[in-house]
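[1] got a structure for you, letters missing:
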């Protein structure tokens, strides 16, 4: 891996967040909610030969059953969960006991109530569902770590409930293949609301995350991730969406991020594996008013504050048909990320396609730079509607590499301002970019150094336990929660027809 | 994810890192001292203490056979190997060292972590309050063996953020 070229003079933008994107605006054939089955005509059975009659065996003497012992007439239907549905608290007093007893394919069905539990899931293919989204509440009382933590168990789905007041995360997946979160509200949790780390093949949909200092939603350390965030709402977090070193078939679509410090922020960093961040597709989202001064916020969120969609050190992201407005800095900004205390060297361009597994197996270099500067390359910003940005609706900045040499492009956006000026002329998608050393790139440059200088003046973070949050919004419950069959998270993520997604309407219109 | 933000009013390289000034040495360096082998003999048994009979392999109801010798305990060898705690993994996940080598864990991530032995009877490790971002923990294993550990925040004994130290006897 090549060493960092040069060191930034003056302040450097240290920004970070989490997230990823995919190149190409086309449908992603990743899976389907409906399983198609093709029944083939059975072949004509061959005529069976008449078997030779066997002597009948001597019947064994019947054993007298022990007194009180169960009989075939009473087993196993009377056992709790025998029908594949483990009811809490009717059959199991706690969610944890039900989850412990569950086997693959089971449904843990939770009645309304408040459950002061930290649920660890290590069984594959179980579904955990609340009968009422707002009525079923997992509450950590600011003492428990995670509402539901899924460790290495694949195919787990969490549905239709609320997790709140946990010291780290509302719902947390680690090291899984196949995960789903549907109709879940994560409220006032100490790190992330809904968090998938080192996990692939995921679906997060119809869910809500608010009041977390890091992010409402996070997908990190995966490439390719094969994951979809669809129809989620993130508000009053440090970052609405964050995704360090995540991408590759990763879609963020049809979602709203508002009133966070910053909206959608995928970034690169060597403090997680699978760097750099690349190939997240961000389409059809509503991102507005991410200047919120009174949220909980990690330092990164303070630095990124005032931006709608920001890609610090992100590579090859696709940002299309989003509605972005009302930001103190940029609506859509492609910026560098300065990482202090690096753990590895910058990957070379020919290493950008290295998968997580390949990178995990690589030994650490003998020498590691103290500082890494991740630049944002090769991203496409197309057909967005961006307005009311106090610095620039569209922006790009390079530090160790000239802005014009980063190979990003813009086209078809509805916007008023850009930094540098005339970005769609300088680097049009599908056209010839102006050379990176052309003076035109220096006209009204995006001043990321000022962001560093200003961070000390940002409104400080508010303790997540005390932050003023809007009340839980009235969000949809899962349809037919009481009767819908359990569907483990195996055929995920669901197919998204990206071409059918348009720019969302202005909220309220 | 969290990142450490160091702002400079003027120019500067933002330099820091977790223990970046120390240079860990992997394995045996030139001129490294030979390991000192210390065999801990069992304590003598007072004459008044009853010692339960230990059946010998011959099947005789013998007298009081001597207990097996304790495993050898080695001394520190002055070498150090670093394990970086990232968000949320230990790198390298499996670290092999010669007995007597110090393991130097550094929290180089942005999240808090802990380092807990899978075998709860083992007395080493670092709780989260002393393993915050930028913190470090050091331990020298003086007996060969395989020592598994994990971060309880981002894993459990078998999944998620786990690691193994394989301690081998010197050749």
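    Yes, it's here. The shown structure was predicted, so the numbers you read here are calculated from the model rather than taken from an experiment. Numbers count the residues shown, from 1 in each chain, chains lettered A, B, ... in the order given.
[2] rest of the way, CA atoms for contacts and neighbours
    Will do.
[3] Longest strand in the chain, please.
    The chain I'm using is chain A. strand A:177-187 (DSSP state E).
[4] ah, I was thinking of chain B
    strand B:145-155.
[5] does that one come close to chain A?
    Yes: against chain A, strand B:145-155 shows contacts by C-alpha under 8 Å from any C-alpha of the partner chain at B:153, B:154, B:155.
[6] Tabulate the residues you listed (CSV), appending neighbour count and pLDDT.
    Formatted as CSV, the residues of strand B:145-155 next to chain A follow (neighbours: other C-alpha atoms under 10 Å in any protein chain shown; pLDDT from 0 to 100):
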residue, neighbour count, pLDDT
B:153, 19, 91
B:154, 26, 92
B:155, 23, 92
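[7] Out of these, which comes closest to residue A:319?
    residue B:154 (31.3 Å; C-alpha to C-alpha).
[8] surely that closest one meets residue B:128?
    No: Residue B:154 is not in contact with residue B:128 according to C-alpha atoms under 8 Å; the separation is 11.4 Å.
[9] Can you report how many residues lie near the residue of the stretch 251-400 of chain A found nearest chain B?
    As assessed by C-alpha to the nearest C-alpha, chain B sits closest to residue A:341 within the stretch 251-400 of chain A, at 3.6 Å. Close neighbours of residue A:341, defined as other C-alpha atoms under 10 Å in any protein chain shown, add up to 25.
[10] pLDDT at it, what is it?
    The score at residue A:341 is 85. That number is its pLDDT.
[11] Residue A:360 versus that one, what's the distance?
    19 Å (C-alpha to C-alpha, to the nearest Å).
[12] go on, residue A:295?
    Taking C-alpha to C-alpha, one finds residue A:295 at 35 Å from residue A:360.
[13] out of those two, which sits in the more crowded spot?
    Between residue A:295 and residue A:360, counting by other C-alpha under 10 Å, residue A:295 is the more crowded of the two (31 against 16).
[14] Pretty sure that one sits against residue A:465.
    No: with contact defined as C-alpha under 8 Å, residue A:295 does not count as touching residue A:465 (10.6 Å).
[15] For the longest strand of chain B, which helices and strands make contact with it?
    Counting contacts by 3 or more C-alpha pairs under 8 Å, 6 or more residues apart in numbering or on different chains; DSSP states H and E, strand B:145-155 is packed against strand B:116-117, strand B:160-168.
[16] low-scoring pLDDT stretches of the chain, where are they?
    In the absence of a named chain, chain A is used. Within chain A, the stretches with pLDDT under 70 are A:1-77.
[17] Please refer instead to chain B.
    Looking at chain B by pLDDT under 70, you get B:1-64.
[18] List the residues that contact residue A:296.
    Residue A:296 makes contact with A:211, A:212, A:213, A:214, A:236, A:237, A:238, A:461, A:462, A:463, A:464, A:467 under the criterion C-alpha atoms under 8 Å, 6 or more residues apart in numbering or on different chains.
[19] In CSV, list these along with secondary structure.
    Listed next are the contacts of residue A:296 as CSV, based on DSSP: H, G, I helix; E, B strand; the rest coil:
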residue, secondary structure
A:211, coil
A:212, coil
A:213, coil
A:214, coil
A:236, coil
A:237, coil
A:238, coil
A:461, coil
A:462, coil
A:463, coil
A:464, coil
A:467, coil
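[20] Could you state which residue of chain A sits nearest its centroid?
    residue A:219 (3.5 Å; C-alpha atoms, centre = their mean).
[21] who's that residue bridged to?
    residue A:196 (DSSP bridges).
[22] my guess is it contacts residue A:243, does it?
    Yes: if you go by C-alpha under 8 Å, residue A:219 and residue A:243 touch, sitting 4.9 Å apart.
[23] Residue B:140 and residue B:98 touch, don't they?
    No: applying C-alpha under 8 Å as the test, residue B:140 and residue B:98 come out as separate, 10.3 Å apart.
[24] So between these two, which is more surrounded?
    Counted by other C-alpha under 10 Å, residue B:140 and residue B:98 do not tie: residue B:98 has more neighbours, with 23 against 20.
[25] quick one: that one from chain A, how far?
    Using C-alpha to the nearest C-alpha, to the nearest Å, we find residue B:98 at a distance of 18 Å from chain A.
[26] so what's that residue up against?
    B:27, B:144, B:167, B:168, B:169, B:170.
[27] 6 Å instead?
    B:167, B:168, B:169, B:170 (C-alpha atoms under 6 Å, 6 or more residues apart in numbering or on different chains).
[28] now the last one, nearest residue through space, not along the chain?
    What it means is residue B:170. residue B:98 (5.9 Å; C-alpha to C-alpha, 6 or more residues apart in numbering or on different chains).
[29] hang on, isn't residue A:305 packed against residue A:262?
    Yes: between residue A:305 and residue A:262 there is a contact at 4.8 Å, judged by C-alpha atoms under 6 Å.
[30] Looking at the two, which is more packed in?
    Neighbour count, other C-alpha under 10 Å: between residue A:305 and residue A:262, residue A:262 has more, with 38 against 30.
[31] so which of the residues of strand B:145-155 next to chain A comes closest to chain A?
    Nearest to chain A out of the residues of strand B:145-155 next to chain A is residue B:155 (C-alpha to the nearest C-alpha; 6.5 Å).
[32] Write down the beta-bridge partners of that closest one, one by one.
    Going by DSSP bridges, residue B:155 forms beta bridges with residue B:160.
[33] start to end distance for stretch A:383-395?
    Using C-alpha to C-alpha, the end-to-end distance of stretch A:383-395 comes out at 15 Å.
[34] for stretch A:382-400, same thing?
    25 Å.
[35] Quick check on residue B:130: phi, psi?
    Phi and psi for residue B:130, reported as degrees, to the nearest 10, are phi -110, psi 10.
[36] swap in residue A:146?
    phi -130, psi 140.
[37] Report the beta-bridge partners for it.
    Under the criterion used (DSSP bridges), residue A:146 bridges to residue A:169.
[38] which residues sit in contact with it?
    A:118, A:166, A:168, A:169, A:170.
[39] can you count the residues close to the last one?
    Taking other C-alpha under 10 Å as the criterion, the count of residues near residue A:170 is 34.
[40] Much appreciated, bye for now.
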